[in-house]
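Trainee: I'd like to go over a predicted model; first the sequence, then the structure.
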Amino acid sequence: MTKHMVLLSLVTVGFYHLAFGFEPKPLQDFCVADPTSSARVNGIACKSPMLAQATDFFFSGLHLAGDTVNPVGSKVTPVTVAQLPGLNTLGLAMARVDYAPRGVNPPHFHPRATEILTVIEGSLMAGFITSNPENRLITKVLQKGDVFVFPMGLIHFQHNVAEGNSVAIAALSSQNPGVITIANTVFGSNPSIDPEVLAKAFQVDKKLVHELQRKF
């Protein structure tokens with residue numbers, strides 16, 4: 001009997017942690033983010049629904065072109081829970097991406113979201129790379145109105161192959177998808193990764209690693 005009670009207790013504790021660790025559907029109408037709260041939760045705490053205003057569910061700015069005058073020639077304008085508190089717990093976000101001619105949205109991945117990209121103007125070469133050991137590159141040139149999906153956690157990129165500017169709108173399956181840009185992360189970490197590690201990983205001279213680290 002004692003063994004059964006212990007087993008039942010363990011199972012109960014397990015279900016308790018599963019229930020509070022992951023809830024795929026909201027349990028209330030909405031949960032407007034309260035970034036001022038000190039509560040520690042998996043995400044952002046909710047403010048009282050009685051304090052919710054229309055502005056909590058509103059964002060303006062995706063009609064504005066992003067400034068692409070930068071080394072990569074692109075600009076992402078995100079709409080996540082950080083910009084739109086009403087997205088909290090709803091499991092989606094979006095972004096506008098502007099590309100200068102030959103500009104790129106450099107290789108990156110979203111640790112918490114799948115992305116679906118729609119070309120609004122111009123033409124993009126979009127692609128992603130499968131996981132080890134195949135590391136297969138899957139890529140396609142997209143025209144206005146075309147849609148492309150980047151699976152969660154896979155490295156992906158876009159390159160503007162149009163003669164003029166290009167614009168895309170992305171939707172992501174998390175209110176806080178996160179983004180890890182490969183070059184910035186590897187060569188711009190704080191503190192820096194030991195150049196010897198990177199030299200061996202990339203099979204290059206340490207002088208080149210130092211030069212790349214100075215850029216990021």
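Mentor: Here it is on my side, so go on.

Trainee: ok, then the element right after the helix or strand of the chain with the lowest mean pLDDT?
Mentor: One helix or strand of the chain scores below all others by mean pLDDT, DSSP states H and E: helix 2-21, with a mean of 42. Of the helices and strands lying after helix 2-21 in sequence (DSSP states H and E), the nearest is strand 74-79.

Trainee: which strands and helices lie in contact with that following strand?
Mentor: strand 93-99, strand 104-109 (3 or more Cβ pairs under 8 Å, 6 or more residues apart in numbering; DSSP states H and E). Just so you know, the C-beta spots here come from the backbone N, C-alpha and C atoms, and that holds for glycine as well.

Trainee: just checking, what packs against the last one?
Mentor: Right, strand 104-109. For strand 104-109, the elements it packs on are strand 74-79, strand 156-160, strand 180-181, helix 182-187, judged by 3+ Cβ pairs under 8 Å, 6+ apart.

Trainee: low pLDDT regions in the chain?
Mentor: The model of the chain has pLDDT under 70 over residues 1-24.

Trainee: at 80 instead, please
Mentor: 1-27, 40 (pLDDT under 80).

Trainee: just the helices and strands packed on strand 104-109: most buried one?
Mentor: When these are scored by mean count of other Cβ atoms under 10 Å, the highest mean neighbour count falls to strand 156-160 (a mean of 23).

Trainee: angle of that one against strand 74-79?
Mentor: Counting by axes from the mean of the first three to the mean of the last three Cα atoms, to 10 degrees, strand 156-160 lies at 120 degrees to strand 74-79.

Trainee: hmm, back to that, need the helices and strands packed on strand 74-79 in TSV (columns: mean neighbour count).
Mentor: Formatted as TSV, these follow (neighbours: other Cβ atoms under 10 Å):
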stretch	mean neighbour count
strand 93-99	23
strand 104-109	19
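
Trainee: dihedrals phi and psi, the nearest residue to Val209 once chain neighbours are set aside?
Mentor: Nearest residue to Val209 in three dimensions, chain neighbours excluded: Pro195, at 4.2 Å (Cβ to Cβ, 6 or more residues apart in numbering). Reported as degrees, to the nearest 10, the phi and psi values for Pro195 are phi -50, psi -30.

Trainee: now do the contacts for Pro195.
Mentor: The contact partners of Pro195, taken as Cβ atoms under 8 Å, 6 or more residues apart in numbering, are Lys206, Val209, His210, Gln213.

Trainee: cool, Val104 as well?
Mentor: Contact partners of Val104, counting by Cβ under 8 Å, 6+ apart, are Val72, Gly73, Ser74, Phe157, Gln158, His159, Asn160.

Trainee: farthest pair in those residues?
Mentor: The span of the contacts of Val104, defined through Cβ to Cβ, is set by Gly73 and Phe157 at 12.5 Å.

Trainee: and the residue nearest to Ile182 when sequence neighbours are not counted, how close does it get to Phe187?
Mentor: Distance criterion Cβ to Cβ, 6+ apart; nearest residue to Ile182, sequence neighbours excluded, is Pro107 at 4.7 Å. Distance, Pro107 to Phe187, using Cβ to Cβ, to the nearest Å: 13 Å.
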